[in-house]
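# Pasting the sequence and the predicted coordinates here, then a few questions.
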Amino acid sequence: MYVLFKDRAEAGHMLAEHLRGGAHADTVVLALPRGGVPVGFEIATALGAELDVMPVRKIGVPGHKELAMGAIASGGALYVERDTMRAMGVSQAQYDAVLAQERVELARRETLYRGDRPAAQVESRTVLLVDDGMATGASMKAAVLALRTRRPQRIVAAVPVAPAGVEADFEGIVDAVVCIAQPSLFFSVGQYYEDFGETTDADVRELLHRAWAREPRAPH
């Protein structure tokens, strides 16, 4: 195992150092729950930026749920990996069934994490879209699709680790990609963490409330 980070908090702290030059007073950190939130919390803390969640759900292949055949994001954005569906022999009916389940879970999480609090305003701002790593990139692409409708000035995809060539994969999709490591031999995000234990809903809520209590919301 090729370990790069002790845990998500350390990864976020390290990633923040790579982001300092591109952060501005109007920067907002949007973390993909659940694993991206501990990373995003450290970045927002280090940069003095606002933190919010960008709810996204992977649409996993039946029987291989970690393999994404697409993703959905808050706001109705949908990204589909048709090549993966074909390669894995997934029918449209199977896809639709998983999609319906994930839409329910997405709505549940958005209500649970944010409650009545409105989403962070991102129009004309620099957005750091953060996760704990990328494998297929499906979740990040769905998040970007949803985010574009909210008219940010700039979108930066920021992850601690991703497969080699991730910049080319996201060319024309985001304004920049910031990634600490891009191993050529990549199997899963978790292999690069010493501790990749599950981030729970309670963890997400605690970190968000800590960030919201510390930082005033940006003026609109």
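Nice, thanks for sending it over.
# for the protein, what spans make up the helices?
Using DSSP state H, the helices of the chain run over 8-19, 36-47, 82-87, 92-114, 138-148, 166-169, 201-214.
# Take these and write them to CSV, including mean neighbour count and distance to Gly76.
The way it works is simple: take the backbone N, C-alpha and C, and place the C-beta from them, glycine included. Putting the helices of the chain into CSV (neighbours: other CB atoms under 10 Å; distance: least, CB to CB, whole Å) gives the following:
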stretch, mean neighbour count, distance to Gly76
helix 8-19, 20, 28
helix 36-47, 26, 20
helix 82-87, 13, 19
helix 92-114, 14, 9
helix 138-148, 24, 7
helix 166-169, 15, 23
helix 201-214, 16, 22
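# do you know how far Asp116 is from Leu47?
27 Å (CB to CB, to the nearest Å).
# on that earlier part again, I'd like to know which of the helices of the chain lies nearest to Pro62.
Among the helices of the chain, helix 92-114 comes nearest to Pro62, with 5.4 Å by CB to CB.
# got a list of contacts for that closest one?
Outside helix 92-114, the residues that touch it by CB atoms under 8 Å, 6 or more residues apart in numbering are 33, 52-53, 55-60, 62, 69-70, 72-74, 78, 85, 201, 204-205, 208.
# So which of those residues sit within strands?
Counting by DSSP state E, the part of the contacts of helix 92-114 found in strands is 52-53, 56-60, 69-70, 72-73, 78.
# Max pairwise distance over these: which two?
Farthest pair in the ones in strands among the contacts of helix 92-114 (CB to CB) is Asp52 and Met69. Separation: 27.3 Å.
# the more surrounded of those two?
Met69 (27 against 24; other CB atoms under 10 Å).
# Spatially central, which residue of the protein would that be?
What sits nearest the mean C-alpha location of the chain, by CA atoms, centre = their mean, is Leu32, with 3.1 Å.
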